[in-house]
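S.K.: Coordinates for the following, if possible.
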Amino acid sequence: LDILIEAELIDSFSEIRKDLNKVSLAYFFMEVIGKMTHEGEKHEELFYLILKNLNRLKDDQRLKTLKDAYIVDVLVLLGFWPKGEKLINPEDKLEEITERHMSSKRVGKLLVS
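M.R.: The predicted structure follows:
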């Protein structure tokens, strides 16, 4: 097991933590990655995709649009959807691929839909 002995906070994402809708969507971002990848799997592009979307989430109020775009980006990056191809219902495709419902979808359904 790796042991972390020191860390430096670069960004606390306080703009997200002050808004329950944004917290819900940020949790959804992490849940998608948790269900689509294996523990210990390195994927630098996914890290930067998450970071980019968390930074967008700080200022963006179009949460449903951001959520759908994030799903498509993850599916394209992991090879489950062709780049440039329009996806009508990203959430349904995500659940079809993972063969599971996203837990955070229930929590944020009224907030982000």
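S.K.: quick one: buried residues of stretch 15-25?
M.R.: 16, 19, 22-25 (16 or more other CB atoms under 10 Å). Any C-beta I mention is one placed from the backbone N, CA and C, and that applies to glycine too.
S.K.: what's the straight distance from one end of that stretch to the other?
M.R.: Distance across stretch 15-25, first residue to last, is 13 Å (CA to CA, to the nearest Å).
S.K.: mind putting the buried residues of stretch 15-25 in JSON lines, distance to N53 included?
M.R.: As requested, the buried residues of stretch 15-25 are arranged in JSON lines below (distance: CB to CB, whole Å):
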{"residue": "I16", "distance to N53": "11"}
{"residue": "D19", "distance to N53": "15"}
{"residue": "K22", "distance to N53": "11"}
{"residue": "V23", "distance to N53": "14"}
{"residue": "S24", "distance to N53": "14"}
{"residue": "L25", "distance to N53": "9"}
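S.K.: So which of those residues are in helices?
M.R.: If you go by DSSP state H, the buried residues of stretch 15-25 have 16, 22-25 in helices.
S.K.: Just flag the most distant two among these.
M.R.: Greatest spatial distance in those: I16 and S24, 10.0 Å, computed using CB to CB.
S.K.: Need the residue closest to the centroid of this structure.
M.R.: Nearest to the mean C-alpha position of the chain, by CA atoms, centre = their mean, lies F29 at 1.9 Å.
S.K.: Report how many residues lie close to M36.
M.R.: 19 (other CB atoms under 10 Å).
S.K.: In contact with it, which residues?
M.R.: 74, 78, 97-98 (CB atoms under 8 Å, 6 or more residues apart in numbering).
S.K.: just for this protein, where's the confidence low?
M.R.: Residue ranges of the chain with pLDDT under 70: 104-113.
S.K.: now do 90
M.R.: Applying pLDDT under 90 to the chain flags the ranges 1-2, 4, 38-42, 59-61, 91, 98-113.
S.K.: any chance you could map the helices in it?
M.R.: 14-17, 20-36, 44-59, 63-77, 90-98, 103-112.
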